[in-house]
Every structure is written in structure tokens, then in C-alpha cells.
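A.B. asks: next comes the sequence, and after it the predicted model I'd like to discuss.
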Amino acid sequence: MSIEREPKSSNTEKLRLEKAEIRRSFEVYRQFHQRLERIQGLRNRAEIFRHAREIASRMVGGIASQVILRGELTTLEIPNLEEVPSHLEGLLPELGEDLIEWAVQNRTASSLPIDEPELIEKEVHTQVIVPIVSHSNVQGLMVLWSRSEISTLSHIELDMLSTLGRVVGIQVENATLYAEVQEIGSLLDNVLESIPYAVLVTNLDDQIVTMNSNAEFMFDLRRFFTLQEKYQRAMSPEVAAVFGKLVISTLKGEEQFDYEFQHRIGDRTDILIGISTSIVYDRKNNPTGIVFICRDLALSREVQKLRELDVMKTEFLHTVSHELKTPLTAIMGGAEVLQYDLESFSPDNQEIIQIIQEGGHRLHSLITDLLDLSRLESGNVDLALSRGKISDLVQDSMRILDPGTECKLCFQCDENEPSFLFDHEKIRQVVDNLISNATKYSPDGGTIQIRVYLSEDNERVHFEVADEGIGIPPDQIHQIWNKFYRVDSSSTSEIEGTGLGLSITKHIIDMHQGHIQATSQPGAGSTFMFWIPHIQEGTIL
Ligand code: ADP
């Protein structure tokens, strides 16, 4: 029996070739993994797709490629990720939902022979489809058109392409999550920055995790250098000692409120700081750090003192106005009695009586305004709500004001205005004030348009008064609602007023949960508009 043996040399040759093949495959794998690693470092979707297409095209000899993504629901989103050379333009088949459906079922890369003669003529022989798959779903497809014959793509290469599709899918999902986290982070940063106190957060290893600009200023820190640094190293020994004490007490469960300590900012400014602390917990309710909120107590006390002074001032005004009312009533009563017998006085004395009466009236309206305002400001006033139409009340107000004015009053109202619940006396005060201001600040007359109308949804009733008077300068218009504020100009100095009417008006509209606003053009006129909502029966405001 003779056994035919291959010659030893041919065996060795075969082994050498096999080894070379293994080495080559190993090298292909190594390079493939290196390229995948590069994708894993990317955060931008377009970049990820660009790299992925490059890797896949290199593997399959791709000459054109396209990425299609599944948008919201099932609609297709085709980002601008085509790479089609001009000689193939218009020849490649359109990609559609059915292909995505196929990928949802299949989830692995595959290749199909091309049978369109036009494409074959251009040396396009194979279409390779790589599903882009993340943990949860098929996100889209990468499609490549290759000049290689289908038979030249091995199973291993298709496996590698499937892996590529999965890496891309996961990376795209990560990139989306990363963008969301970035957005939440920048929102939190904005919130942190808008807090008017110094805020600083440490973790349980005493490292500073975050802080706002106020903290940088208060403790002379620079975020860039101090984040992730232990507070003991980053802060001055005095401040670090206080923080150390607070960390211990806080972690023992004694969260601090305004723990006071004297601190020097820069070289000389000494301030009294109040530090409040609380523990930060993670989602599983484990403590992860401590937040320190530090405020300048002297400043807060100053604000508190100003508030108390404001209350005292209001109370004082209220008492004084009240006390003035009784003697004023006596003076005005006396002047009125003298008025009956005016003829019996000399012309000089008649003038004096006139002056007493006019002055008395002015003082009376000032005192009434002051008392009204102090009552409204104290918050001890309830609305006496009853049903009625604002237009009735406006017409009443116009009847009384009309005879005394040079202006032409025009009124327009919605015929279907339903009955609304409002405090008649107070809204009447508002309407009187706005109409009388319109006439008062129109010294040369003009037309005053008054309108009552309903909002489109019938939920609000609007009142508007537009005059053609002196107007209000734009830099002062936002101040007219402040008490005692009167526009400072030559044209207003002659016109009498207390500067309290609009302040009272605003309080009343606020009490009705409404809104008031003014627009104006100096020399052309002003428009005041308020609305009040449809208040339900039984509502307590
Ligand atoms: P006053 O008693 O001074 O009229 P208000 O509080 O009613 O007090 O108004 C505050 C200021 O707003 C007025 O002094 C005036 O300068 C300005 N103002 C109010 N209404 C008008 C208007 N219709 N046209 C021009 N200026 C106005």
C-alpha cells in the first residue's frame, strides 16, 4: 500500500499561508477595533455616522452610502448624510419604510446582489445594508453600494458590519443622552447663578463639586482651580475651619440655619455671614454631599429694617390722616356756613372764604387718598362683590365728570356684556380716577375714547380710556404706579394731583386678580387699560 504524501515542502508552504492568513485577519480585526474605539469617543451624531460610513466603505469597497434614520413614530428622517458620487446620482434606488421594517425583523448586516443593468454598467454590484441598532430599538440603516461582487463578502465581514451597526446605535443613543444631560446641566448652572446667595456644594470626600459666582467672590475662589479640590486646601484656614465644623454637625443630622460668622472679603471689608447647610441625597436616598448657602446677614438685616420702616411709615400716615380728618371737617363745615352768607362779606373776605374752601377740598381728597391707600396696603380690606355691568358704572361716572371738562367723551361698549362680579365702589373709584386723569392731563381738550369690551373667550371684561393729552415720557411711564409719583415736566406742574390715584387703582385691580397697563406717546396722548376676570360666585378674594 502506498500512501501519497504531500511533499514536506508543500505542507510547510500551506502552513505558512494559513499563518499569513490568520495574521492578516488578526490585523484586520485589530484595525477594525481601533476604528470602533474612535467612534466610541464621539459625541456628535453626524461625526459618528461619517466615521461609521468610512469604516464600512473601506470593508466592502463602497462607492456610495446613505444613512436613513427612523424619526418620531415611523416617519423616515433622512439626514444630510448621503455620499453619492455624481455618476451615480439618480440611479440608486430610493430607500423607504419597507427597508426599515426589514431591519427591525433582521437586525444583522446583509448584502444583496444588484440586478439593475444601469448600475452594473457603472460597476455597482452589491447593496450592503447595516441596521443601526441600540439597546432598545432599530434606529435606522446604513446602506452602502459596493463594487465588490456579493460572493467576496464573508460571514465574518458581515458579522463585523453588524457589530459596527450596534456600536453606532449605542453611540448615537449615548450622544443624545449626553446632549440631554448637558442641557439639564446648563439649566442647573443658570439656576445656581441666579440665586442671590453664595452657593457651594461639597461631596463626602470634602471636594468642592460646584459653586456659583457669588461663592467665588465671597470666599475668593476661582472655579477653574478649585473644583474637585478639597475645601480645606481651597479656602482660607478660618473659613475651612467653619466649614469643617458645619460638615460634622450637618452629617450628624443637625442641618444649620444661618450659622453666623465674621468674614473678611478682600483686604478690608468685614461682613457677617449666615451659612445654612443641608445634605444632598442621591436617588437611592444615600447622602452624597453637603450644600452650603451663605448670605450677607448685614444686607438681609438692612432689607428687613427697611421693610419694618415701610410698615411704620404706612401706619404713621394712616394715623396722621385720620387725626387730620376731624379738624378738617370742622374747617370745611365752617367755610360752608360762611358760603351761605357770602354776599354779606367784603370782596377780600369773600376771596379768603373761597381759598379756604378750595384748600379744604384739596386737603380732603389728599387725606381720603392716603387713608384709602394705607388701608389697601395693610391688606385688611375685603372686596364687597356684587353683580353688575361695568358699562353702567362707566356711564354713571361719565355723567358726573362730563360737565366740568373741555374734552369730548365718546363711549363704546359691548351690548352683550354679561353681569360680572366685582366690588362696585372700588371699580367705580378706578374708573373715576382713570377718566378724570384723562381729562385732567388733556389741558387743551381733545377726544377721550372710552371702551368696555369682552375678551374673545368672554372670560374677562376690559375697560380702556384713551386721551389726546400731554402723554407720559417713556422713561417715566413705569413709575406712575408708585405712590406719590408725579411726572416731572413743565406741563404737569400746573395740574393738581397727589400722585396717589394710580397707586390705589393698581391695588384695586390686583385685588380683583386683574391687570392694568398704560401706553403713551408724549404730546399725542395716553391709553390706560385694565381687565378683570370673570370671578365665580362664592369666590373669596
Ligand atoms: P395724580 O393725582 O397726580 O393725577 P395719579 O396717581 O393718578 O396721580 O397719576 C400719577 C401721575 O401719572 C400723574 O401725576 C401724571 O403725571 C401721570 N398721569 C396719569 N394719568 C395720565 C394721563 N392720562 N396722561 C398723562 N399723564 C398721566
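C.D. replies: In hand now; what should we look at?
A.B. asks: all contacts plus neighbour counts: C-alpha atoms, from now on.
C.D. replies: OK.
A.B. asks: grab the nearest non-local neighbour of Gln171.
C.D. replies: Once flanking residues are discounted, Gln171 sits nearest to Gln40: 6.3 Å by CA to CA, 6 or more residues apart in numbering.
A.B. asks: starting at the chain centroid, how far to the host helix or strand of Phe316?
C.D. replies: In this assignment (DSSP states H and E), Phe316 forms part of helix 297-340. How far helix 297-340 lies from its chain's middle: 41 Å, per CA atoms, centre = their mean, to the nearest Å.
A.B. asks: what is it packed up against?
C.D. replies: Judged by 3 or more CA pairs under 8 Å, 6 or more residues apart in numbering; DSSP states H and E, the packing partners of helix 297-340 are strand 269-281, helix 347-378.
A.B. asks: could you give the angle of that helix to strand 269-281?
C.D. replies: Helix 297-340 runs at 110 degrees relative to strand 269-281, counting by axes from the mean of the first three to the mean of the last three CA atoms, to 10 degrees.
A.B. asks: returning to what we had before: now render the helices and strands packed on helix 297-340 as JSON lines, adding distance to Glu406, mean pLDDT and mean neighbour count.
C.D. replies: Formatted as JSON lines, the helices and strands packed on helix 297-340 follow (distance: least, CA to CA, whole Å; pLDDT from 0 to 100; neighbours: other CA atoms under 10 Å):
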{"stretch": "strand 269-281", "distance to Glu406": "61", "mean pLDDT": "90", "mean neighbour count": "18"}
{"stretch": "helix 347-378", "distance to Glu406": "21", "mean pLDDT": "87", "mean neighbour count": "16"}
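A.B. asks: sorry, back to before: around the residue nearest to Gln171, count how many other residues there are.
C.D. replies: 17 (other CA atoms under 10 Å).
A.B. asks: and Arg399, how far is that from Leu376?
C.D. replies: Distance, Arg399 to Leu376, by CA to CA, to the nearest Å: 28 Å.
A.B. asks: ok, now Ile208?
C.D. replies: Between Ile208 and Leu376 the distance is 48 Å, computed by CA to CA.
A.B. asks: next one: Ser386
C.D. replies: From Ser386 to Leu376 the distance is 19 Å (CA to CA).
A.B. asks: leaving out sequence neighbours, find the closest residue to Ile535.
C.D. replies: Leu421 (5.8 Å).
A.B. asks: could you pull out the helices for the stretch 51-200 of the chain?
C.D. replies: Along the stretch 51-200 of the chain, counting by DSSP state H, counting those that start in this stretch, helices occupy 97-106, 117-121, 155-194.
A.B. asks: which stretch among the ones you listed is buried most, on average?
C.D. replies: Among the helices of the stretch 51-200 of the chain, the stretch with the highest mean neighbour count (mean count of other CA atoms under 10 Å) is helix 155-194, at a mean of 17.
A.B. asks: that older thread, tell me the secondary structure for the residue nearest to Ile535?
C.D. replies: Under DSSP: H, G, I helix; E, B strand; the rest coil, Leu421 falls in the strand class.
A.B. asks: show me what it bridges to in the sheet.
C.D. replies: Arg387 (DSSP bridges).
A.B. asks: what number of residues lie near it?
C.D. replies: As a burial measure, Leu421 scores 22 neighbours (other CA under 10 Å).
A.B. asks: likewise for the one 5 residues further on?
C.D. replies: A total of 18 residues lie near Lys426 under the criterion other CA under 10 Å.
A.B. asks: am I right that it sits in a helix?
C.D. replies: Yes - applying three-state DSSP, one finds Lys426 inside a helix.
A.B. asks: how much space separates it from the ligand?
C.D. replies: From Lys426 across to the ligand, the span is 15 Å (CA to the nearest ligand atom, to the nearest Å).
A.B. asks: and for Asp423?
C.D. replies: Relative to the ligand, and taking CA to the nearest ligand atom, Asp423 is found at 20 Å.
A.B. asks: please apply the same query to Phe422.
C.D. replies: Remark: distance between Phe422 and the ligand (CA to the nearest ligand atom) = 21 Å.
A.B. asks: ok, the residue lying closest to that residue once chain neighbours are set aside - contacts?
C.D. replies: In this structure, Phe422 finds its nearest non-sequential neighbour in Leu385, 4.7 Å apart by CA to CA, 6+ apart. Counting by CA atoms under 8 Å, 6 or more residues apart in numbering, Leu385 touches Leu421, Phe422, Asp423, His424.
A.B. asks: run the last query once more with 7 Å
C.D. replies: Listed by CA atoms under 7 Å, 6 or more residues apart in numbering, the contact set of Leu385 reads Leu421, Phe422, Asp423.
A.B. asks: can you check Ile63 too?
C.D. replies: Taking CA under 7 Å, 6+ apart, we find Ile63 in contact with Trp145, Ser146, Arg147.
A.B. asks: of these, closest to the ligand?
C.D. replies: Each of these was checked against the ligand using CA to the nearest ligand atom; the closest is Trp145, at 75.3 Å.
A.B. asks: I'd guessed the closest one sits against Ala64; true?
C.D. replies: Yes - using CA atoms under 7 Å, Trp145 is in contact with Ala64, at 5.2 Å.
A.B. asks: picking up where we left off before, reformat the helices of the stretch 51-200 of the chain as CSV; add distance to the ligand.
C.D. replies: As requested, the helices of the stretch 51-200 of the chain are exported to CSV (distance: least, CA to the nearest ligand atom, whole Å):
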stretch, distance to the ligand
helix 97-106, 65
helix 117-121, 79
helix 155-194, 33
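A.B. asks: picking up where we left off before, need the contact list for the residue nearest to Ile535.
C.D. replies: Leu421 neighbours (CA under 7 Å, 6+ apart): Leu385, Ser386, Arg387, Gly388, His534, Ile535.
A.B. asks: counting neighbours, which of the residues you listed comes out on top?
C.D. replies: Most surrounded of these: other CA under 10 Å gives Leu385, at 20 neighbours.
A.B. asks: can you give me the neighbour number for Pro533?
C.D. replies: For Pro533, using other CA under 10 Å, the count is 19.
A.B. asks: mind listing what it touches?
C.D. replies: Applying CA under 7 Å, 6+ apart, we find Pro533 in contact with Glu459, Arg460, Val461, Gln513, Gly514.
A.B. asks: show me which of those are buried.
C.D. replies: Neighbour counting with 16 or more other CA atoms under 10 Å marks Arg460, Val461, Gly514 as buried within these.
A.B. asks: quick one: pLDDT of the residue in the stretch 301-450 of the chain that the ligand sits nearest to?
C.D. replies: Of all residues in the stretch 301-450 of the chain, the one sitting closest to the ligand is Ala438 (3.9 Å; CA to the nearest ligand atom). We have a pLDDT of 95 for Ala438.
A.B. asks: let's have the helices and strands packed on helix 297-340 in CSV, adding distance to Ile195.
C.D. replies: As requested, those are exported to CSV (distance: least, CA to CA, whole Å):
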stretch, distance to Ile195
strand 269-281, 14
helix 347-378, 28
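A.B. asks: and those: which comes nearest Leu153?
C.D. replies: Ranking the helices and strands packed on helix 297-340 by proximity to Leu153 (CA to CA) places strand 269-281 first, at 53.9 Å.
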